[in-house]
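for reference, the sequence and a predicted model appear below.
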Amino acid sequence: MSDRKQTPKTQSVASDQALPPIDPRLLAAMYGQPCEEEEIDLLEYWRVIWGRKKMILAVSFAAALLAIVISLLMPNIYKAQVLLTPVGSGKSKGGGLSAALGGLGGLASVAGISLGGGGGSTAENLAVLNSREFIWKFVKENKLMPVLFADDWDAKSKKWKKDDPKKQPTLWDAYRMFTKGGLMNVDKNKKTGLVTVSVEWKDPVLAAKWANALVRRLNAYLRRKAIARSEANLTYLNKELARTRVADMRQTLFKLISQEEKKAMLASTQEQFAFRVLDTAVPPDKKAKPKRSLIVILSTFVAGFLAVIVAFIQESVQRRRQDTEKALQGGGIKE
């Protein structure tokens with residue numbers, strides 16, 4: 001009877017002998033803790049990559065092949081550029097007259113009359129080029145909607161393919177294509193002050209034609225605005241001159257009228273009113289994009305990198321599964 005009884009200490013020893021030792025890698029897998037005993041060096045990484053090289057190469061090759069097909073389906077885009085220089089600034093033109101008029105020149109500012117040049121600042125003029133009203137008028141005058149949205153236009157029936165007006169392209173779509181879609185870009189060199197207006201389109205001839213037309217229309221638009229402003233100023237100044245009898249004031253008004261007449265005359269005769277063209281746009285002989293070789297290289301590299309990450313994930317999952325199976329097999333109590 002005494003032989004069958006076991007003390008608690010004896011039972012603990014027997015239990016410890018029956019259970020297998022706990023694998024630290026299993027604990028690391030269960031609790032997400034790093035295993036100090038397991039160290040992976042560069043050779044281990046290379047072994048994982050080499051072991052799954054077929055999968056990595058297959059994914060990279062498939063991505064390269066897909067990139068080649070997609071890049072070949074993409075149309076060639078050509079970029080036509082116009083190089084411009086601003087035609088003077090308001091400060092340089094108006095400084096002499098403003099200084100000559102002295103305090104009496106305040107009458108002009110009260111009346112809303114600018115003593116500077118009629119062309120305005122470069123920033124304002126370029127803002128006009130990117131404005132909604134200007135682009136809408138340019139699109140409508142040149143009837144560009146069927147050209148910009150050729151996929152939605154039925155050339156035979158000369159109408160949109162979709163009858164629902166909500167599904168048809170609008171001038172808003174054309175405006176976004178010009179300003180945000182990359183069709184038109186305006187760059188100003190801060191050092192030289194030169195301005196480059198570029199147009200990117202599938203047809204190089206149309207790209208050059210639109211770039212030159214945009215600049216011509218911008219100069220014409222700003223010139224008409226300046227003439228209308230000068231005519232309004234002259235109307236106001238002549239009314240003031242008719243009812244003013246003070247000699248000094250009349251002399252000031254005569255100078256302002258002379259200045260406005262000069263500005264109106266220059267605006268009427270100067271075609272390149274706000275910007276002078278240094279280099280007109282011509283149809284480019286080489287495409288600007290897509291850069292097919294770069295697309296293929298980047299696609300292959302990214303796909304290969306993702307495939308390597310997947311390979312490491314698969315290796316990690318496989319190791320955890322093997323460790324768990326070994327731990328469970330070693331933990332069985334033999335009778």
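That came through fine. Everything numeric here is computed off the predicted structure, so don't read it as measured data.

residue 282: what secondary structure?
Taken by DSSP: H, G, I helix; E, B strand; the rest coil, the conformation at residue 282 corresponds to coil.

outline the domain layout of the protein.
Here the domain parsing of the chain from automatic domain parsing is 8-72+291-330, 75-279.

from memory residue 60 sits against residue 307, does it?
Yes - using CB atoms under 8 Å, residue 60 makes contact with residue 307 at a distance of 6.4 Å. Just so you know, the C-beta spots here come from the backbone N, C-alpha and C atoms, and that holds for glycine as well.

would you double-check that residue 245 falls in a strand?
No - Residue 245: not assigned to a strand; according to three-state DSSP it is coil.

for the protein, which segments count as helices?
Counting by DSSP state H, the chain has helices at residues 8-18, 24-31, 42-51, 53-73, 90-101, 106-110, 122-129, 132-142, 145-148, 171-179, 204-243, 247-269, 292-330.

weakest of those helices in terms of mean pLDDT?
Looking over the helices of the chain, mean pLDDT reaches its minimum on helix 90-101, with a mean of 42.

before we move on, back to that, out of the helices of the chain, which is closest to residue 279?
Closest approach to residue 279 among the helices of the chain (CB to CB): helix 204-243, 10.7 Å.

for the closest one, packing partners?
The helices and strands touching helix 204-243, judged by 3 or more CB pairs under 8 Å, 6 or more residues apart in numbering; DSSP states H and E, are strand 78-86, helix 122-129, helix 132-142, strand 195-201, helix 247-269, strand 275-279.

mean neighbour count and distance to residue 216 added to those, as TSV?
Shown next, in TSV, are these (neighbours: other CB atoms under 10 Å; distance: least, CB to CB, whole Å):
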stretch	mean neighbour count	distance to residue 216
strand 78-86	21	10
helix 122-129	16	12
helix 132-142	15	10
strand 195-201	21	11
helix 247-269	16	15
strand 275-279	16	9
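
among these, which is nearest residue 287?
Nearest of the helices and strands packed on helix 204-243 (CB to CB): strand 78-86, 5.7 Å.

was I right to think residue 84 contacts residue 194?
Yes - between residue 84 and residue 194 there is a contact under CB under 8 Å: 6.8 Å.

hey, what's in contact with both of the two?
residue 278 (CB atoms under 8 Å, 6 or more residues apart in numbering).

and for stretch 215-222, what's in contact with it?
Counting by CB under 8 Å, 6+ apart, 82, 84, 119-120, 125, 128-129, 134, 138, 141, 197, 271-275, 277 sit against stretch 215-222.
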